[in-house]
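[1] model the following, please.
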Amino acid sequence: MEPISRRTALALGGVGALVVVAGGAGLVTVLSSTPGAPPLAPDGSELAQPKLLRSVDGLLAVDLVAARSPVVIGGIRVNALTYNGTLPGPTLVVRPGDTLAVTHTNLLDDPTNLHTHGLHVSPEGASDNVLIRIDPGATFDYRYEISSDHPPGMYWYHPHHHGMAAEQVFGGLYGAIIVEEAEPIPASVERVLIVSDVSFDASGTIATAFAMDQMQGREGSTMLLNGQVGATMSARPGNRERWRIVNACSSRYLDLRLDGQALQLLGVDSGRFAAPRDVESIALMPGNRADVLVTMAEGISVLKTHPVDRGSPAGMMGGSTQTGGVVDLATLTVSGSAVASFPSAPSAVERDLRSEPLDGARTLTFAMGGAGMGGAMMRFTIDGRSFDPERIDQSVVAGTIEEWTIVNTSPMDHPFHLHVWPMQVIEVGGQAVETPAWQDVLNVPAQSNSRVRIAFDGITGTTVYHCHILDHEDLGMMGIISVG
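    Have a look, this model is predicted:
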């Protein structure tokens, strides 16, 4: 199997669209060569679900402790970064109109904070304020008011303290948030699947990223599904399962496949398609989520991720790289007596900003090159400037609709993430999409551009937009937006 090209990746990653890719033999990888890395083998245990914490009477109150904790990965005791001692952290389940109250304690050696990725909540005060700093040993009380018309879907939480985001997410700090529908989609089982990657040595010490790792965007040598290596799942023929998938990798693009099973994509990020889409492959950039229905057919299938070429800083000198071989994430065994079929998934109605008048347009340019401070690292910029927490880069009038063109002059793809306000994808890599797709992470292919429309409704305040290759964010590829 040849790696997917950046051109194919832009079509996949830009709108969560799926393509049919011919099968073929490929190198199946669990662990690539990393100095000092221990030998790992799939543990073969049943895929575990993160602990589920559900709101009661309109409130979910959670204690969330970030700390270094021992976890077992592929038989190796790893000194990971965790929420509440588990990898991943607990899944937080709320409904529109609820309040989410999080008491966040930092027992790490470095500052941290918390970002509720994708939630349409205030970015100010004690809500989704990524400019808050929680020092080691300190506690902060977050309070998120979720509107009664908040879109249902899959969201997630992770640290966002500037300069530490990549290291802390790579180390294991992530968990899922589900905003439930008023009427659940019929399914026999619902699963949360969080895909991540990590590197560690034989002593269980998580690898430190060097300068080239940061410029490329670190990718772990071991891939995990809910913190496990080579887990198993079982089902009966005819079962319809709902899989809520998160790409929690700090840099890695995913091309997920489950050959032999019928997949229907309900939507990507917080958006629902008007009707489910039959797919054979699911492309997710870092930070993306997918809501998938899997109708089980008898047999054994393997959930795999295939390599994606997202470019490289070396492209400036005529080279490029892509992730390693095909990785087995989990094995699904479908057997036993068949079960009754399920009704079709309901359709959804999505607002289409293409039919509404625009109030403004602007262009943002992502670039990398030159030298940073001391000449030791190339610069990662938006509109020629690195992140400055004291500078407002974009001022937007509340209640307006704008069209943003994101230009990428670099030799690498950059996944563009805007906090708080979802984006309707219009073009990816200069190619128009056919139907509306609402996402909060958008692929901007190397040496190309993508275009979105944004309705700045309901929420005012100051927050950020950035590249969701988290090393690039930490290196300065981030700006501040103020809406009011």
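[2] give me the most central residue, this protein.
    Using C-alpha atoms, centre = their mean, the residue of the chain that lies closest to the mean C-alpha position is residue 287, 1.6 Å off.
[3] pretty sure that residue is touching residue 417, no?
    Yes. Contact criterion C-beta atoms under 8 Å: residue 287 and residue 417 qualify, at 5.7 Å. The way it works is simple: take the backbone N, C-alpha and C, and place the C-beta from them, glycine included.
[4] what do those two both touch?
    Common neighbours of residue 287 and residue 417, counting by C-beta atoms under 8 Å, 6 or more residues apart in numbering, are 117, 440-441, 468.
[5] out of these, the closest to residue 447 would be?
    For the shared contacts of residue 287 and residue 417, the closest approach to residue 447 (C-beta to C-beta) belongs to residue 468, at 18.9 Å.
[6] doesn't residue 442 make contact with the closest one?
    No. Assessed by C-beta under 8 Å, residue 468 is found out of contact with residue 442, at 9.4 Å.
[7] ok, the two, which is more surrounded?
    Neighbour count, other C-beta atoms under 10 Å: between residue 468 and residue 442, residue 442 has more, with 30 against 27.
[8] ok, what's across the strand from the more buried one?
    Counting by DSSP bridges, residue 442 is bridged to residue 416.
[9] distance to residue 268 and pLDDT added to the shared contacts of residue 287 and residue 417, as a markdown table?
    Formatted as a markdown table, those follow (distance: C-beta to C-beta, whole Å; pLDDT from 0 to 100):
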| residue | distance to residue 268 | pLDDT |
| --- | --- | --- |
| 117 | 13 | 98 |
| 440 | 9 | 97 |
| 441 | 9 | 98 |
| 468 | 14 | 98 |
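[10] ok, and the most crowded of these?
    Among the shared contacts of residue 287 and residue 417, residue 468 has the most neighbours (other C-beta under 10 Å), with 27 neighbours.
[11] what about the strands in the stretch 101-250 of the chain?
    Ranges of strands within the stretch 101-250 of the chain are 115-117, 139-145, 153-158, 175-179, 189-198, 222-225, 231-235, 240-247, based on DSSP state E, counting those that start in this stretch.
[12] go through those and pick out the most buried.
    strand 153-158 (a mean of 25; mean count of other C-beta atoms under 10 Å).
[13] what's that one packed up against?
    Here strand 153-158 touches strand 115-117, helix 165-171, strand 175-179, strand 240-247, strand 289-295, going by 3 or more C-beta pairs under 8 Å, 6 or more residues apart in numbering; DSSP states H and E.
[14] pull the distance from that strand to the chain's centre.
    8 Å (C-alpha atoms, centre = their mean, to the nearest Å).
[15] what's the angle from that strand to strand 139-145?
    When axes from the mean of the first three to the mean of the last three C-alpha atoms, to 10 degrees is applied, the directions of strand 153-158 and strand 139-145 differ by 160 degrees.
[16] partner strands of strand 153-158, parallel or antiparallel?
    Looking at strand 153-158 with DSSP bridges, its partner strands are strand 115-117 (antiparallel), strand 175-179 (antiparallel).
[17] and after the longest strand along the chain, which helix or strand comes next?
    Across the chain, the longest stretch assigned as strand under DSSP state E is strand 59-73. Scanning forward in sequence from strand 59-73 by DSSP states H and E, the next helix or strand is strand 76-83.
[18] can you pull out the residues in contact with that following strand?
    Under the criterion C-beta under 8 Å, 6+ apart, residues 38, 40, 64-73, 87, 89-90, 108, 168, 171-175, 198, 200, 202, 204-206 lie in contact with strand 76-83.
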